[in-house]
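Asker: Take this sequence and fold it.
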Amino acid sequence: MANEKFELPIHWNDYEDIAMGLYEKFGDDFSESKIYRIRFTELLEWVLSLPNFAGTREESNEGHLEQIQSAWVYEWRDNQD
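Answerer: Numbering: from 1, shown residues only. Just a heads-up that it's a prediction; the model follows:
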């Protein structure tokens, strides 16, 4: 996307922005139950690979990853019709 360089950086506590990015990346590949079964090691890598993500691996923690999972589930639910 050409506008990515104009978007604000995303940090670890931007749970909703991260969840939207993950939903955009994976769509409906992951249902609610599958999202909650994702290993944190995988989730960490996916978050770090998101465009405009400015956080570091060292800044991550289990609390952030849990919040991201929950926000991703809500994002997934919002997109189900």
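Asker: if I read this right, P9 contacts L50, doesn't it?
Answerer: No. Counting by Cβ atoms under 8 Å, P9 sits too far from L50 to count as a contact (10.5 Å). From N, CA and C alone the C-beta is placed, and that goes for glycine too.
Asker: More neighbours: which of the two?
Answerer: Set side by side, P9 and L50 show unequal neighbour counts under other Cβ atoms under 10 Å, the larger going to L50 at 17 against 10.
Asker: Excluding covalently adjacent residues, which one is nearest to that one?
Answerer: What sits nearest to L50 in space, not counting adjacent residues and going by Cβ to Cβ, 6 or more residues apart in numbering, is G21, at 4.4 Å.
Asker: Any buried residues in the one helix or strand the one you found maps to, and which?
Answerer: In this structure, G21 sits in helix 15-26 according to DSSP states H and E. Neighbour counts using 16 or more other Cβ atoms under 10 Å place 15, 17-23 of helix 15-26 among the buried residues.
Asker: List just the nearest of these to I35.
Answerer: Sorting the buried residues of helix 15-26 by how near they are to I35, with Cβ to Cβ, puts L22 at the top with 8.6 Å.
Asker: The closest one is in contact with L48, isn't it?
Answerer: No. Using Cβ under 8 Å, L22 is not in contact with L48; the gap is 11.7 Å.
Asker: what about this protein, any weak spots by pLDDT?
Answerer: Flagging of the chain using pLDDT under 70 yields the residue ranges 1-5.
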